[in-house]
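1. below: sequence and its predicted model.
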Amino acid sequence: MSAPRVVAVAPGSPAARAGLAAGDEILAVNGEVPRDLIEWRVLIDQSQVALEVNRGGLETQVDVDKRTGEPLGVEVHSALFDRVRTCDNHCEFCFIYQLPPNLRRSLYLKDDDYRLSFLYGNFTTLTRFTEADLERVVTEGLSPLYVSIHATDPEVRSQMLRNRRGATSLRWLRALLDHGVEVHGQVVVCPGVNDGVVLDDTLAGVLDRYPELATLALVPLGVSRYNTEARMRPHTPDEAAAVIDAVHDWQDVFRAALGRRLAFAADEYYLLADRPFPPAPDYEDFPMHEDGIGMARALETSLLGGVEIAAGDVPDAAGDPPGERGGFFAWVDGDLSASSETDYEPYRGPRAGPGQRLQIGPRRDAPIAVLTAPYGARVLRPLLDRLGRADVRVVPVENRFFGGNIAVTGLMVGEDLSRALAAEPAGWRYLLPDVCLSQGRFLDGTEPADLPRPVEIVPTTGTALRAALGSPG
């Protein structure tokens, strides 16, 4: 177990007033040794916090007086202070197996840790879940959790996970639901494997055995050019249309039986099938927004704001979906940023690094170009047209780094952005969505400062983009 290490102290905070400093290692809090960020947050919530600190090899005690519930003002190095529970599945569709070689080592670590599911929305298969884990989840109220289902047929699920425990581990899903834990499910749909009849069986299985699921996201398989699994291939447009049809049919069944739609297809399916996105109310408050479910409609709602929109296109209260989670690539199990098995840093938090929120080069009234991936471009262009902004254009960035069918904005990297920007004129304002950054870095290890043109890093919401666009010059 590693001790939580202080990496930042907020000026003027209780921790700063008490003399806590970056580099301090916290050996205990009020006499207890926290295992993870969950316990850490509970322990530092008290009005009097006694910290046993290792500072440069010398042990000392730092006493902090603050109001109960007042933030301590400390950022620690990791979410987990014991070992990350790594994934022992060998899924054919796992994106981590499809990463390019020679990236930083931390990107190749797979987790299957329920604590990271609670903290960051990572999906867990529950194959390493235990009775002790269930007890902690229930007693400490660790909800919601996010579970990879993929198939409810035990044999199919076991084959997909390449783990015999995959056939039985959904018993823990039933136990979680029995104890009132909110659970969101996910199915990575692999063509020829768990689509078609198997998908119908899975949706029927959810209705029969797990009707208390909060939501079920159906997301398409992502295939990079480094894929080595012969069965894994992208969906065809017809296959994407078939998934949409199945979801819509089952939504009718779920609404009749449960009073809600429960299952939703990822936006990418509608783009692949060249079908219009469902109306915003059909997404039922966008609970799976971060998994690519309803992102296009949510962007439309928050970006267009006061622009007149067709009836039924937006909910009564327009705005960005609340509660943004950590998952960065909807059809991947796990997270790609553990520094080691004892240092875990979520890919999604924080996105921009210090001083990177805005890097403005040209004047504010310069013409604007929005950098985005091909899927993002298909969504943004018609929305910008409706804004009537002749001074704004979209620059699609082809993903050659990952290749394959990877066309989502969250996986843009500096190498591809540099190539695209090198062909663009100087003097423009280039807006970069922060969803492709973690700790101020792209997945390929480069940073915005390495790009050939200055960029403005903008939060990935319609409201933030509208603010960055400003009024026409």
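-> Alright, I've got the coordinates. Because the structure is a prediction, the values reported are computed rather than measured.

2. strands of the chain, start to end?
-> Using DSSP state E, the strands of the chain run over 6-9, 25-29, 48-55, 58-65, 74-76, 145-148, 183-189, 215-220, 263-265, 368-372, 392-396, 429-433, 455-458.

3. the third one pairs with which strands, parallel or anti?
-> Strand 48-55 has its sheet partners listed here by DSSP bridges as strand 25-29 (antiparallel), strand 58-65 (antiparallel).

4. would you turn the strands of the chain into a markdown table with mean neighbour count, distance to residue 406 and mean pLDDT?
-> C-beta coordinates here come from the backbone N, C-alpha and C atoms, glycine included. Below are the strands of the chain laid out as a markdown table (neighbours: other Cβ atoms under 10 Å; distance: least, Cβ to Cβ, whole Å; pLDDT from 0 to 100):
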| stretch | mean neighbour count | distance to residue 406 | mean pLDDT |
| --- | --- | --- | --- |
| strand 6-9 | 17 | 31 | 93 |
| strand 25-29 | 18 | 39 | 95 |
| strand 48-55 | 17 | 43 | 94 |
| strand 58-65 | 13 | 46 | 94 |
| strand 74-76 | 20 | 32 | 91 |
| strand 145-148 | 26 | 20 | 97 |
| strand 183-189 | 25 | 15 | 97 |
| strand 215-220 | 25 | 11 | 96 |
| strand 263-265 | 26 | 19 | 97 |
| strand 368-372 | 24 | 14 | 96 |
| strand 392-396 | 17 | 13 | 96 |
| strand 429-433 | 24 | 16 | 95 |
| strand 455-458 | 22 | 21 | 95 |
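
5. now render those as TSV, adding distance to residue 443.
-> Listed next are these as TSV, based on distance: least, Cβ to Cβ, whole Å:
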stretch	distance to residue 443
strand 6-9	21
strand 25-29	29
strand 48-55	33
strand 58-65	37
strand 74-76	22
strand 145-148	21
strand 183-189	20
strand 215-220	19
strand 263-265	26
strand 368-372	15
strand 392-396	18
strand 429-433	14
strand 455-458	16
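
6. returning to what we had before: out of the strands paired with strand 48-55, which gets nearest to residue 438?
-> Closest of these to residue 438 is strand 25-29, at 23.9 Å (criterion: Cβ to Cβ).

7. residue 444: which of the strands paired with strand 48-55 is closest?
-> Across these, closest to residue 444 is strand 25-29 (Cβ to Cβ), at 31.4 Å.

8. what does that closest one rub up against?
-> 3-6, 33-34, 40, 43-44, 49-55, 59, 76 (Cβ atoms under 8 Å, 6 or more residues apart in numbering).

9. I figured residue 446 was touching residue 419, is that so?
-> No: counting by Cβ atoms under 8 Å, residue 446 does not reach residue 419; the two are 11.8 Å apart.

10. max-length helix in this structure?
-> Using DSSP state H, we find that the single longest helix of the chain is helix 237-258.

11. give the other helices and strands that it contacts.
-> Counting contacts by 3 or more Cβ pairs under 8 Å, 6 or more residues apart in numbering; DSSP states H and E, helix 237-258 packs against helix 196-209, strand 215-220, strand 263-265, helix 267-273.

12. which residues are contacting the third one?
-> Strand 263-265 is touched from outside by 203, 206, 215-218, 243-244, 247, 250-251, 254, 283, 288, 293-294, with contacts defined as Cβ under 8 Å, 6+ apart.

13. the longest one now?
-> Outside helix 196-209, the residues that touch it by Cβ under 8 Å, 6+ apart are 149-153, 156, 170, 174, 185, 187, 189, 194, 213, 216, 218, 242-243, 246, 250, 253-254, 257-258, 262-263.

14. mind giving me the domain split of this protein?
-> Following automatic domain parsing, one finds the domains of the chain at 6-76, 95-304, 368-469.
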